[in-house]
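J.: quick one, fold the following:
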Amino acid sequence: MTIYQDVELSMTGHLVPPVIHVKQYDHKARKVRCVLYSNSLEYTPPENIILVYSGTRPDGKFFSYSSETSDLITRSGGTVIFTVTDFMTKTSGRYPVDIVLMNEDGEVLGAFCLTLYVERAAVKNWKVAASLYKTIAQAIGRGVYECFTTIKGYFGIRSDDGLNLGDSDSSNVDRVKEVLVNTTITDEGYLEFTTDDNLDLMFSTDDEGRIVVEYGEHSDEDPRDA
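T.: Numbering: from 1, shown residues only. The predicted structure is shown next:
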């Protein structure tokens, strides 16, 4: 889904810079369609124009996107359209965004300004809040770097999943804890593992009888590098 928001921007300062409201962690869902004015007259950018939009987030991180190297900002007829990126919405707060028009020699032909207002999200751990059970299981599988059994015979996994699951309380996380891996002992005395398919783990033993755990199609890679 893409949401277009239409704004009017003035090169000469006759219009008050508009405020664009977006939600923190917005994932490229919003595009801003800009109608440009100069001296109260609508301005049509030349076809060979280079467009750049840039700004500095409230945490001091800088961003800049150019039509020369990206499709995040484009010219469509007499309008300029740019995408609000993940990077722009990672930190909540209010800050200006500049749109600069340049020719092929790098000369600035004009500049426009608007204000981006990133509304704070209700949670900090957006990765978990917006993840499906399946994606959490896959993240754990990709990050597995150690499998072990406890003194009491329980099976455990250590994983650099990148989701900060330990700091979260989620029904999806609870589901992962309950069904991701189950260990039983068969009547013949063998240790048997049942894992969720999304985890994509393969169990085997080496020549010395030690358990070997590999991560699916990435088994030749170090999971910590995944």
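
J.: gap between the two ends of stretch 10-21?
T.: For stretch 10-21, the first-to-last residue distance is 19 Å (Cα to Cα, to the nearest Å).

J.: in it, what's buried?
T.: By 16 or more other Cβ atoms under 10 Å, the buried positions in stretch 10-21 come out as 10-11, 15, 17-18, 20. Every residue, glycine included, has its C-beta placed from N, CA and C.

J.: can you check stretch 44-57 too?
T.: For stretch 44-57, burial by neighbour count (16+ other Cβ under 10 Å) applies to 45, 49-53, 55, 57.

J.: repeat that for stretch 56-68.
T.: So for stretch 56-68, counting by 16+ other Cβ under 10 Å, buried means 57, 65, 67.

J.: list just the nearest of these to Ala122.
T.: Distance to Ala122 across the buried residues of stretch 56-68 (Cβ to Cβ) is lowest for Arg57, with 19.6 Å.

J.: shouldn't that closest one be in contact with Arg94?
T.: No - using Cβ atoms under 8 Å, Arg57 makes no contact with Arg94, being 10.5 Å away.

J.: tell me where this protein has helices.
T.: 86-89, 126-129, 133-143, 171-179 (DSSP state H).

J.: lowest mean pLDDT across those helices, which one is that?
T.: The weakest mean pLDDT among those belongs to helix 126-129, with a mean of 62.

J.: among the buried residues of stretch 56-68, name the ones in strands.
T.: Tyr65 (DSSP state E).

J.: wait, which of the buried residues of stretch 56-68 is closest to Asp187?
T.: Nearest member of those to Asp187, counting by Cβ to Cβ, is Arg57, at 60.4 Å.

J.: so who does that closest one touch?
T.: Counting by Cβ atoms under 8 Å, 6 or more residues apart in numbering, Arg57 touches 63, 87-88, 90-91, 93, 95.

J.: so which of these is the most crowded?
T.: Comparing the contacts of Arg57 on neighbour count, Met88 comes out first with 23 neighbours (neighbours: other Cβ atoms under 10 Å).

J.: now it, nearest residue through space, not along the chain?
T.: Distances taken as Cβ to Cβ, 6 or more residues apart in numbering place Phe63 nearest to Met88, at 6.1 Å, with adjacent residues excluded.

J.: relative to Arg33, how far out is that neighbour?
T.: Distance, Phe63 to Arg33, by Cβ to Cβ, to the nearest Å: 20 Å.

J.: do Leu201 as well
T.: When Leu201 is compared with Arg33 (using Cβ to Cβ), they lie 47 Å apart.

J.: looking at these two, which is more packed in?
T.: More neighbours surround Leu201 than the other of Leu201 and Arg33, with 22 against 13 (other Cβ under 10 Å).

J.: what's the closest non-adjacent residue to that one?
T.: Leu201 sits nearest to Thr195 (Cβ to Cβ, 6+ apart), 5.2 Å away.

J.: over to Arg120?
T.: Setting aside the residues directly before and after it, Arg120 is nearest to Ser92 in space (Cβ to Cβ, 6+ apart), at 3.8 Å.

J.: hmm, that neighbour is touching Tyr25, no?
T.: No - counting by Cβ under 8 Å, Ser92 does not reach Tyr25; the two are 9.4 Å apart.

J.: what residue in this protein is the furthest from its centre?
T.: Glu188 (47.7 Å; Cα atoms, centre = their mean).
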